[in-house]
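J.: Need the 3D shape of this:
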Amino acid sequence: MNTLAAAYGARGVKFYGVDMLDHDRALARAFVAEFKVPYPSLYDDSGSLTAAYEVDSPPSFVLVDQRGVVVGRYPGEASPAQLAKLIDQKLATSSGAANASP
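T.: This is a model prediction of the structure:
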């Protein structure tokens, strides 16, 4: 994810992580620090964000355009190549696919 975030950042694509499982926020911070996550990581302790974007379980990837409309999904594990393909397809077909959320 870090490599994809760096590669697509220059194209205006933003990545956000959402932690929906850790009951202790310190665990989420430790993950970000250990893996040197360069994009914002949101802590969703209430589950409202995951509910709003209809994320059933991690990992899930949701692409959201600049208007806040979901333009793509990839539920489950995905390789960087699979995610790059999804992002490239959505960038080509949607004039504003600017946010990607793992």
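
J.: going forward, measure contacts between C-alpha atoms and count neighbours the same way
T.: OK.

J.: Surely residue 85 forms part of a strand?
T.: No. Applying DSSP: H, G, I helix; E, B strand; the rest coil, one finds residue 85 to be helix, outside a strand.

J.: Do a quick rundown of the helices in the chain.
T.: Assigned by DSSP state H, the helices in the chain fall at 2-9, 25-34, 48-52, 80-93.

J.: separation between residue 57 and residue 83?
T.: Using Cα to Cα, to the nearest Å, we find residue 57 at a distance of 17 Å from residue 83.

J.: Look at the two and report which has more neighbours.
T.: Higher neighbour count among residue 57 and residue 83: residue 83, with 18 against 11, using other Cα atoms under 10 Å.

J.: The more buried one: what's it in contact with?
T.: Residue 83 makes contacts with residue 74, as judged by Cα atoms under 8 Å, 6 or more residues apart in numbering.

J.: ok, now residue 4?
T.: So residue 4 contacts 80, 84 (Cα under 8 Å, 6+ apart).

J.: confidence score at it?
T.: Looking at residue 4, its pLDDT stands at 93.

J.: Equivalent analysis for residue 51, please.
T.: Per-residue confidence at residue 51 stands at 90 (pLDDT).

J.: For burial, what's the neighbour tally of it?
T.: Counted with other Cα under 10 Å, the neighbours of residue 51 add up to 11.

J.: what stretches of the protein score poorly on pLDDT?
T.: 94-102 (pLDDT under 70).

J.: Could you work out the end-to-end span of stretch 64-82 for me?
T.: One end of stretch 64-82 sits 17 Å from the other (Cα to Cα).

J.: Pipe the helices of the chain into JSON lines and attach distance to residue 42 per row.
T.: As requested, those are exported to JSON lines (distance: least, Cα to Cα, whole Å):
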{"stretch": "helix 2-9", "distance to residue 42": "16"}
{"stretch": "helix 25-34", "distance to residue 42": "9"}
{"stretch": "helix 48-52", "distance to residue 42": "9"}
{"stretch": "helix 80-93", "distance to residue 42": "20"}
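
J.: looking at these, which is closest to residue 17?
T.: Nearest of the helices of the chain to residue 17, taken as Cα to Cα: helix 25-34 at 9.4 Å.

J.: Would you mind putting the CA coordinates of that closest one into CSV?
T.: Below are the C-alpha coordinates for helix 25-34, written out as CSV (Å, rounded to 0.1, in the frame of the first residue of the first chain):
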residue,chain,number,x,y,z
ARG,A,25,-6.1,2.8,19.7
ALA,A,26,-2.5,2.3,20.7
LEU,A,27,-2.5,-0.9,18.5
ALA,A,28,-3.6,1.1,15.5
ARG,A,29,-0.8,3.7,16.1
ALA,A,30,1.8,0.9,16.5
PHE,A,31,0.8,-0.6,13.2
VAL,A,32,1.2,2.8,11.4
ALA,A,33,4.6,3.3,13.1
GLU,A,34,5.9,-0.3,12.4
